[in-house]
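>>> Kindly return the folded structure for what I paste below:
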Amino acid sequence: MLKTGFCETNHGRIAWVDSGGVGPVVLFIHGNSSCKEMFGRQLVSELGLNYRMIAFDLPGHGASSDAPDPALTYSIHGFADAAMALLEALKIDKAVVVGWSLGGHAALEMLARWPGATAAWITGTPPAGGADMGEAFLPYEHMGLTFQETFTEEEARIQVQGGLGEHVTPLPWMIEAARRADGRFRPLMLQSAIEGRDLDGRQIAATARQPLAVVSGSAEPFVSNAFLKSVTYNNLWDGKVHILEGLGHMPFWEDAGVVNPLLGRFLDEVTG
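Numbering: from 1, shown residues only. Now for the predicted structure:
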């Protein structure tokens with residue numbers, strides 16, 4: 001049975017949901033202008049019974065408060081700090097980190113910086129540094145929304161639809177999550193990346209001792225799968241980048257029937 005709650009941290013009040021499973025902890029980190037509910041098809045599943053799956057709203061997203069100090073929090077490393085603050089508040093000292101899109105970049109930071117990170121799974125996330133951005137991402141006509149401070153309702157719909165894929169109907173709460181997000185985080189996140197204040201994802205992938213699963217859809221609209229395959233990994237799970245046929249930027253939502261068994265095997269292997 002799902003449990004929900006809030007934790008007070010120096011990054012604000014963070015909302016979380018817990019699957020209540022009996023196994024090892026798995027922390028899910030969502031993407032840009034989204035929310036914890038995107039992982040509902042994992043938490044409310046057999047996986048959610050076998051593992052203690054926790055998803056949370058990043059500061060400035062969902063039911064969490066806006067960051068009290070935007071300059072402290074609104075960056076990849078700041079969001080990783082917020083995730084670690086949540087885990088400390090929940091008295092959790094070890095977890096597998098699953099990150100999607102922006103959340104995947106935060107997961108990589110945690111893999112490098114948090115001693116409790118036993119493994120990580122990233123989806124829709126290129127392990128890249130500042131110099132790799134042109135190679136790591138595909139051209140996309142609405143990519144500017146990623147760093148735009150305010151959204152109209154139509155721009156929020158475009159942002160959500162782009163991630164879901166044109167053949168998946170967005171639900172009203174997904175668009176509301178994009179509208180709710182504290183848009184100050186987008187330009188601040190870009191500024192942090194430009195200034196080099198976040199860790200280099202390529203270097204993390206090349207040096208991390210913990211297992212790293214890299215999962216992408218063959219129809220991924222934003223991230224170059226060729227780039228994902230070109231990266232040097234120190235401990236790439238299964239020895240390959242998993243490309244899921246026909247799926248896009250949110251495969252875990254689009255087809256949980258494909259993703260959940262793969263995620264389950266990963267979790268069984270890295271926590272066994």
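
>>> all strands for the stretch 51-200 of the chain, in order.
For the stretch 51-200 of the chain, applying DSSP state E, counting those that start in this stretch gives strands covering 52-56, 95-100, 117-123.

>>> closest one to Gly23 among those?
Nearest to Gly23, of all the strands of the stretch 51-200 of the chain, is strand 52-56, at 6.2 Å by C-beta to C-beta. Glycine gets a C-beta too; all of them are placed from N, C-alpha and C.

>>> what does the closest one contact?
14-30, 36-39, 42-43, 47, 64, 83, 86, 90, 92, 95 (C-beta atoms under 8 Å, 6 or more residues apart in numbering).

>>> Excluding covalently adjacent residues, which one is nearest to the spatially most central residue of the chain?
Closest residue to the average C-alpha location of the chain: Gly103 at 2.3 Å, with C-alpha atoms, centre = their mean. Leaving aside its chain neighbours, Gly103 sits nearest to Ile29 (3.2 Å; criterion: C-beta to C-beta, 6 or more residues apart in numbering).

>>> Next: Arg41.
Once flanking residues are discounted, Arg41 sits nearest to Ala256: 3.9 Å by C-beta to C-beta, 6+ apart.

>>> next one: stretch 207-221 to chain centre, how far?
Put simply, stretch 207-221 sits 12 Å off its chain's centre (C-alpha atoms, centre = their mean, to the nearest Å).

>>> Show me what the mean pLDDT comes to for that stretch.
For stretch 207-221, the mean pLDDT works out to 97.

>>> what comes up buried for it?
Residues Ala208, Gln210, Pro211, Leu212, Ala213, Val214, Val215, Ser216, Gly217, Ala219, Glu220, Pro221 are the ones in stretch 207-221 that count as buried (16 or more other C-beta atoms under 10 Å).

>>> Next, the distance between the ends of that stretch.
When the termini of stretch 207-221 are compared using C-alpha to C-alpha, to the nearest Å, they are 28 Å apart.

>>> Can I get the biggest helix by length in the chain in CSV, CA atoms only?
For the chain, the helix with the greatest residue count under DSSP state H is helix 256-271. C-alpha atoms of helix 256-271 as CSV (Å, rounded to 0.1, in the frame of the first residue of the first chain):
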residue,chain,number,x,y,z
ALA,A,256,5.8,-0.8,-18.3
GLY,A,257,5.3,-4.4,-19.5
VAL,A,258,8.6,-4.1,-21.3
VAL,A,259,10.5,-2.0,-18.8
ASN,A,260,9.5,-3.5,-15.5
PRO,A,261,10.9,-7.0,-16.1
LEU,A,262,14.2,-5.4,-17.3
LEU,A,263,14.3,-3.1,-14.2
GLY,A,264,13.4,-6.1,-12.0
ARG,A,265,16.3,-8.1,-13.4
PHE,A,266,18.6,-5.2,-12.9
LEU,A,267,17.5,-4.7,-9.3
ASP,A,268,17.7,-8.4,-8.5
GLU,A,269,21.3,-8.5,-9.8
VAL,A,270,22.7,-5.3,-8.2
THR,A,271,21.1,-5.9,-4.8
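
>>> Pull the distance from that helix to the chain's centre.
That offset, for helix 256-271, works out to 16 Å (C-alpha atoms, centre = their mean).

>>> swap in stretch 234-241?
19 Å.

>>> Can you get me the start-to-end distance on it?
End-to-end for stretch 234-241, by C-alpha to C-alpha: 13 Å.

>>> What residues of that stretch count as buried?
Those buried within stretch 234-241 under the rule 16+ other C-beta under 10 Å are Leu236, Trp237, Val241.

>>> Dump the residues you listed into CSV; add secondary structure and pLDDT as well.
Listed next are the buried residues of stretch 234-241 as CSV, based on DSSP: H, G, I helix; E, B strand; the rest coil; pLDDT from 0 to 100:
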residue, secondary structure, pLDDT
Leu236, strand, 98
Trp237, helix, 98
Val241, coil, 98
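
>>> Quickly name whichever of those residues is closest to Gly5.
Using C-beta to C-beta, the buried residues of stretch 234-241 come closest to Gly5 at Trp237, 31.0 Å.

>>> one step back: if I pick the residue nearest to Arg41, what's in contact with it?
Arg41, Gln42, Ser45.
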